[in-house]
Each structure stands twice: as structure tokens, then as C-alpha cells.
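Peer 1: Pasting the sequence and the predicted coordinates here, then a few questions.
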Amino acid sequence: MRYKAKLPLYTFLTNSSLDLIYSTMPSLVSPVQRFDCASRIPAAVFDILRANAARANVILPHAEKVFGMQKFTGKFSNEQLWLVYSRPGTSIIQFVLSCTEGQIGTYPIFIVPTVPLRELTPELLELSMKAFCDALLKEPGFRKQRVYSIFSVDVVAKAFAGAWERLTEINRIEAPYYDATFTMCSKDTLVYTSPPPPDGLDLEMRPAMEKDAQDVALLCQEFAETSPPFSLSLEKASEEADLLIKNHQVWVLEITTNGESEIASIVAVTRKSSGIAAITKVYTPENWRRKFRCAERLVRRVCRELLKTHEQVVLYVGVGNPAAKVYDRVGFQGLTEGSPAVGGVEHWLEIGFDQAKVDLGHW
């Protein structure tokens, strides 16, 4: 006898009926979706990330890159995972989490809220962050030591860190690794001109080339030393410099005096989506600081180039970091004390966990 399949119950339900079921039995439907393959992330998730592209700069460019690699090469990594939290009983996406890795090491947990900050109530934060933590801990083969830090908007980072600490008994570190302002620059705010260089100074700003690899590596290593605990060996710094140069992601400002040339500043741009480019590293060695406005000149030059093809350039700058004045002079918004509130300028935190109980990565 042939079995005649019955139509599932949901084929007879209206949308309103489904909403009623979801609202009355929320425990039966998880608000968290998981994706360990970028090419299977639904279009709706990419759409919401692109609608929040500036804030999503820590997730979207990498997801798009991995999407392309997985779709066209068929190569997959077991270290790429995305979680999506939707309002229970609806398809309204409220948060996207990534637990991924780059070529130098594993990234922190990144979480991007896709709703206005005013909607991040204590209740929503508690429910969503606990759901994320539960989902990570239930992930097959997942090790809790993988979560060495969380980077997100301040209230989200604090909520996740609290939930993770309670569920894993791995204590958070009280002082944040990174206490930063997220800011942006556009064609409308960019200050296009720099002061003229001193007479006789030969100053060149350009993309780094292979011949610069050793110098760029040393500056990458020095930069990492300013961001504990994410130091780099010279070998790892050389690997990073080679990747930055190969991928056309780093610019240099070279100064020549008396026939001797030296790189006086570097700017790296490692995250790009269709409308947003993120400056991810700016470093000037001690002997060139407070001379000739090296970082300011190079950041401005890089922004001019990026804004030819992108709507905004974004970056993070540490609270209290004197570099904020440099970025303000270039045209980044909301960095001066007492300046009016600017939409999109946000306070972000990277909160670390007990280093004796986690495996540090690098970003």
C-alpha cells in the first residue's frame, strides 16, 4: 500500500494564526538561527547588514568575502559561524553575531545590533545575549575557550559578557581591552587640504609595495604592542605585512631626507563593503610623531582615495586617545568635546575574558 502523505498543519494556517502560535509557545521556536556556511546565509540577513553597513563593518565585509570563496571555490572552514537573533515569533532580525577567523588568527565575537540603540532595552539584551550564549555552547565541537573577547556597542558587549560569565564561569576582565568611539567621514565632512609641508621636505604618500615589507612589518609589530594583549612576534607581523601589501590594503607615508628614505606612517584599510570602507590601523613610530602631521596627512590622503568609490570611511578610536584630534581635523565626526550628537557615532567596547582560561586570537 502506498503511503499518502498528509499535508503539514502549517499549510492550513494563516499568518495571523502562526503569529499567535509563536507568541503563545515561544519556547518551541528558537529565535536564533545558525549558519556555518556564508553561502547559505539568507539574503534577508545580508540585506539587513547592508542596511546597517557602517555599524556592520566588523561582520559584513568578512561574510561577503567568505561567501565568495565558498561559492566559487567550494572550500569551507570549520571556524566560520554566524548566529542571527530575530524577535521571537517574527522574522524581524535584531542582532547578528559572528564567530570567525582571519588569516592571522581568530577574531573576537562581534555582535551587530540591527535596530536603533533606543530599542535595546534591558529585557531585550538579557534575552538575546543569553540566547546567543546558549547557542554557542550547544554548537557541536565548540570550545568555550574560543571566546576570548566580545566587541560591540557598549550595552551589547556588557550584556553578552555578563551572560557568558554566568553560563561558563569564565570571568570577564574588568578593564576593557578597547574603549572606543566609532566615527565616520564622508565627502561632505572631509577636510580635503593639508598644510603645505616644510620647504625641502620630500614627502610621498602611496600604497605600500613589496620593497616596503620589512618596514611595514616592524610598524605592525610596534602597533600591536600598543594593543595588549594582542602582541605579534616579528614572524607574525611579517606575515601580516605581506598580506596587507599583497591585498593592497596598506598605505605608507615615506619621507626622504639627505637621500635617506624612511616610512613615517602607515594606514591599513582591511574591511570594505559596497558603501563603507574601514580604516583598521593607523600607526606613526615615536620618532616621527608630532612632526609634519604625518598621520593626519596620510589618513586624509587615504580618505580622499576611498571616498571616490565609497560613501563613508569609518574607524574606531580609543576614548582619550590624542589621535582623535587628528581624525577630527581630517573630518571624522563627533570627536571633539562638547560637539553636538552625530547620528551613527557610537561607544563600543571590547571586553576580554580571563586569559588563563581562553585562547587568544588576533584582529
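Peer 2: Sure thing, it's come through.
Peer 1: just the helices in the protein please.
Peer 2: Per DSSP state H, the chain carries helices over the ranges 15-24, 43-51, 60-73, 122-138, 154-168, 213-225, 234-246, 294-306, 323-330.
Peer 1: From the centroid of the chain, which residue is nearest?
Peer 2: residue 58 (2.1 Å; C-alpha atoms, centre = their mean).
Peer 1: Excluding sequence neighbours, find me the nearest residue to that one.
Peer 2: Leaving aside its chain neighbours, residue 58 sits nearest to residue 110 (4.4 Å; criterion: C-beta to C-beta, 6 or more residues apart in numbering). Glycine gets a C-beta too; all of them are placed from N, C-alpha and C.
Peer 1: Identify the residues contacting that neighbour.
Peer 2: By C-beta atoms under 8 Å, 6 or more residues apart in numbering, residue 110 lies in contact with 58-59, 97-98, 100, 151-152.
Peer 1: farthest pair in those?
Peer 2: 100 and 152 (14.4 Å; C-beta to C-beta).
Peer 1: quick one, which of the two is more surrounded?
Peer 2: residue 152 (27 against 23; other C-beta atoms under 10 Å).
Peer 1: quick one: pLDDT of the more buried one?
Peer 2: We have a pLDDT of 98 for residue 152.
Peer 1: likewise residue 19?
Peer 2: Confidence score, pLDDT, at residue 19: 41.
Peer 1: before we move on, back to that, pipe the contacts of residue 110 into CSV and attach distance to residue 212 per row.
Peer 2: Shown next, in CSV, are those (distance: C-beta to C-beta, whole Å):
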residue, distance to residue 212
58, 27
59, 30
97, 36
98, 31
100, 29
151, 29
152, 34
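Peer 1: which one of the residues you listed is nearest residue 199?
Peer 2: Taking C-beta to C-beta as the measure, residue 199 lies nearest residue 58 of these, at 42.9 Å.
Peer 1: any idea which of the helices of the chain is most buried?
Peer 2: The highest mean neighbour count among the helices of the chain, using mean count of other C-beta atoms under 10 Å, belongs to helix 294-306: a mean of 22.
Peer 1: just for the stretch 151-300 of the chain, where's the confidence low?
Peer 2: For the stretch 151-300 of the chain, no stretch has pLDDT under 70.
Peer 1: helices or strands up against the lengthiest strand in the chain?
Peer 2: Longest strand in the chain by number of residues (criterion: DSSP state E): strand 260-272. With contacts defined as 3 or more C-beta pairs under 8 Å, 6 or more residues apart in numbering; DSSP states H and E, strand 260-272 has these neighbours: helix 60-73, helix 213-225, strand 250-257, strand 276-283, helix 294-306.
Peer 1: Run through the residues that contact the residue nearest to the centre of the chain.
Peer 2: 98, 110, 112, 151, 271.
Peer 1: The last one touches residue 306, doesn't it?
Peer 2: No - proximity of residue 271 to residue 306 does not meet the contact threshold set by C-beta atoms under 8 Å, at 11.4 Å.
Peer 1: shared neighbours, the two?
Peer 2: Counting by C-beta under 8 Å, 6+ apart, the residues touching both residue 271 and residue 306 are residue 277.
Peer 1: Could you tell me the end-to-end distance of stretch 130-150?
Peer 2: As for stretch 130-150, its first-to-last residue distance stands at 14 Å under the measure C-alpha to C-alpha, to the nearest Å.
Peer 1: what does that stretch contact?
Peer 2: Defining contact as C-beta under 8 Å, 6+ apart, one finds that stretch 130-150 is touched by 30-32, 34, 78, 81, 83, 85, 95, 97, 99, 106, 108-109, 111, 157, 160-161, 163-164, 167-168, 170, 177, 350-353, 355, 357-361.
Peer 1: In strands only, show me the residues you listed.
Peer 2: 32, 34, 81, 83, 85, 95, 97, 99, 109, 111, 350-352.
Peer 1: Pretty sure residue 352 is one of the things residue 177 touches, is it not?
Peer 2: Yes - in this structure, residue 177 is within contact of residue 352 by C-beta under 8 Å, at 4.7 Å.
Peer 1: Need the overlap of contacts for those two.
Peer 2: Counting by C-beta under 8 Å, 6+ apart, the residues touching both residue 177 and residue 352 are 149, 229.
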